[in-house]
Structures are given as C-alpha cells and as structure tokens.
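*Asks:* 3D model of this:
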Amino acid sequence: DDGEQNRTSLSKEVIDSWREIHREEQLQGIPATQQEDLPHSDPSNVVVDFKANLSLPEMLQTTSAWLMLWTTVILVGSGTSKTNNMGEMVESLGFAEAVTPATLAIFSVAQSAARIVTGIVSESVLQTRQLPRPYFLVIASFVALVGHLALAATTNSLVAFVAACTVCAIAFGMAWPLMVLIVGDIYGVEHHGANYMFYDGATKALGTIFLSEILAGSVYESHVGLSEDTIHTSSRALSKRAITCLGPECFQKTHLITAALAVTGIVASLMLCQTSKEAYGSKR
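*Replies:* Take a look at the predicted model:
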C-alpha cells in the first residue's frame, strides 16, 4: 500500500545518506590527491545501522512479521511437543521409565547451548560476512526437519531416539535468541519490548496448542487400543492399557507432519530473508 511504499522509499533514502556519510568518514584526514587511489567499498556489503522503530500494530502490518511468526511457531511448538509428551514417547517405544528424565535433561542442556551459540555466531557472521540473521532461521528449520525425520524413523533404538531428541532441542533453542535479535534488527529498539513479547507469547501459545496438544494428542489417541495379550489380565491392568498407546506409530505421524511443517518454515524463512534485506542493508 501507499504507507508501505513511503516507508520503503524513506528507508532507501536514509540508507543512501548513511553510506555517503560512511564514505566521507573514510576519507577524513586523507589528502585529496590520494583519495582517488583508494578502493571504493561495495555499499551492498555494508551493514547499515538503520532501524525502522515500528510499533506493534505497525509491525503486524508487514509481511516479514507473519513470515517470522509462522516459522517460529513451528520451531517452538515442535520443541514443546517433545517436552510435554516425552513420557508417552518413551513409554510407546518400550524404553525404561528412567529414560524420560534423562532425555529431558539432555534436551534442556542442548537447547540452552543452542541459545548461547546461536546468539554469538549470528552476531559474528553478521558483522564479518554481512549474513543477515534470518538465514539462521533457515538453518534452525532444517535442523528441525532432520530431527523429526530421525524420530519418525526410530523404532527400538535408544541411542537413535536420544540423538534425534537432541537435534530437535537444538532447533528449539535456536529460535529464542533469533526472535529477540531479528525483531530488534528489523523493527528497531524503541518498541522492542512489546514487539518481542508478541512473539514470545504467540509462539508458546500457538505452538503448544496446535502441535503439542491437538496434533500430538489426536495422533496418540487414534492409536490407543487393546492388544490381544490383555484378554487375560486383571481389570486394573486392562484399564491402564486401554488408555495407553504402545508402538512407534503412536507419534510417527506427528513427527512426519512436523517435519513437513519444518519444510514450510524453511520456505518462509527464505522469504523473510528477502523481505527484510533492507533492514540489513544487504542485497543477499
């Protein structure tokens, strides 16, 4: 619309002006006879410290905001789906009860490490290689894809199960620092608190409801049934088996659907890289 075009035009004018100032600063103190011999840096490789400073209502009028929301809901929801259903996942595959707290501990460590590493690495490559931060959402979505495909293929291997959960934890952990940093990069710091909290709350709520509760719950319940070996068991044991799903199929479809959603997250993240490139002063 006209408002969006005006903001885009203004952004380009400010960026061009900033680059002129940047060039003048480079030439300060250098004799005029030597200035012509200096190489001209490619302005497309300069990371511009320009912030739009949009409020929450203004942010929600941009395409970038909804592309980022789609991707982060998938990443966060897929992670909460694992933590909320870890006990049932372990039980359905026939592992010992002790595997549940152990795997949750590994999941927690992996996602915490991913948060730290993602923040450091994304900042480093942004400054040294001018790689816009949304590309890390592409990486996180790909990691989630690999992790959920691995979980879908897991049947009775404990090592494979724990490894796949660890990969999913990395994708989950990557989402959190990226949300904080990308919101500031694209929409500025003036309304950063309100803008970020929108993503913090929306991703947890939507991701938990749709992926952890509705998707995982409905798939699990659809495979709950009585097996033949319960015919001669006690009524108490029979009642427990009647509400318990056993076998890899209890969550396999959930993992496959989540993997498919991760593919859409990759596409949405790539689109975000394009719609937000002006914020990073990059033509990548």
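*Asks:* please make it C-alpha for all contacts and neighbour counts, starting now.
*Replies:* Will do.
*Asks:* now do the contacts for the most centrally placed residue in the chain.
*Replies:* Nearest to the mean C-alpha position of the chain, by C-alpha atoms, centre = their mean, lies residue 175 at 3.6 Å. When contacts are counted by C-alpha atoms under 8 Å, 6 or more residues apart in numbering, residue 175 touches 72, 75-76, 115, 137, 140.
*Asks:* buried residues in whatever helix or strand it lives in, which are they?
*Replies:* Using DSSP states H and E, the element containing residue 175 is helix 158-187. Of the residues in helix 158-187, 158, 161-187 count as buried by neighbour count, 16 or more other C-alpha atoms under 10 Å.
*Asks:* what ranges do the helices span in the protein?
*Replies:* The residue ranges that make up the helices of the chain, judged by DSSP state H, are 2-27, 32-35, 56-59, 63-92, 99-128, 135-153, 158-187, 192-207, 216-222, 235-242, 249-275.
*Asks:* so which of the ones you listed is nearest residue 281?
*Replies:* Taking C-alpha to C-alpha as the criterion, helix 2-27 is the member of those that comes nearest to residue 281, at 7.3 Å.
*Asks:* any idea of the mean pLDDT in the closest one?
*Replies:* For helix 2-27, the mean pLDDT works out to 52.
*Asks:* what does stretch 203-211 give?
*Replies:* 97.
*Asks:* kindly report the same for stretch 55-73.
*Replies:* Along stretch 55-73, the predicted local confidence has a mean pLDDT of 97.
*Asks:* returning to what we had before: make CSV from the helices of the chain and add distance to residue 281 to it.
*Replies:* Below are the helices of the chain laid out as CSV (distance: least, C-alpha to C-alpha, whole Å):
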stretch, distance to residue 281
helix 2-27, 7
helix 32-35, 25
helix 56-59, 19
helix 63-92, 16
helix 99-128, 11
helix 135-153, 15
helix 158-187, 11
helix 192-207, 20
helix 216-222, 41
helix 235-242, 59
helix 249-275, 11
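*Asks:* lowest average pLDDT across the ones you listed?
*Replies:* helix 235-242 (a mean of 48).
*Asks:* so what's the residue count around the nearest residue to residue 164 once chain neighbours are set aside?
*Replies:* For residue 164, the nearest residue in space outside its immediate sequence neighbours is residue 147; the separation is 5.0 Å by C-alpha to C-alpha, 6 or more residues apart in numbering. Residues lying near residue 147 (other C-alpha atoms under 10 Å) number 24.
*Asks:* one step back: what's the closest of the contacts of residue 175 to residue 272?
*Replies:* residue 137 (9.2 Å).
*Asks:* using TSV, lay out the contacts of residue 175 together with neighbour count.
*Replies:* Rendered in TSV, the data for the contacts of residue 175 read as follows (neighbours: other C-alpha atoms under 10 Å):
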residue	neighbour count
72	30
75	33
76	26
115	19
137	27
140	30
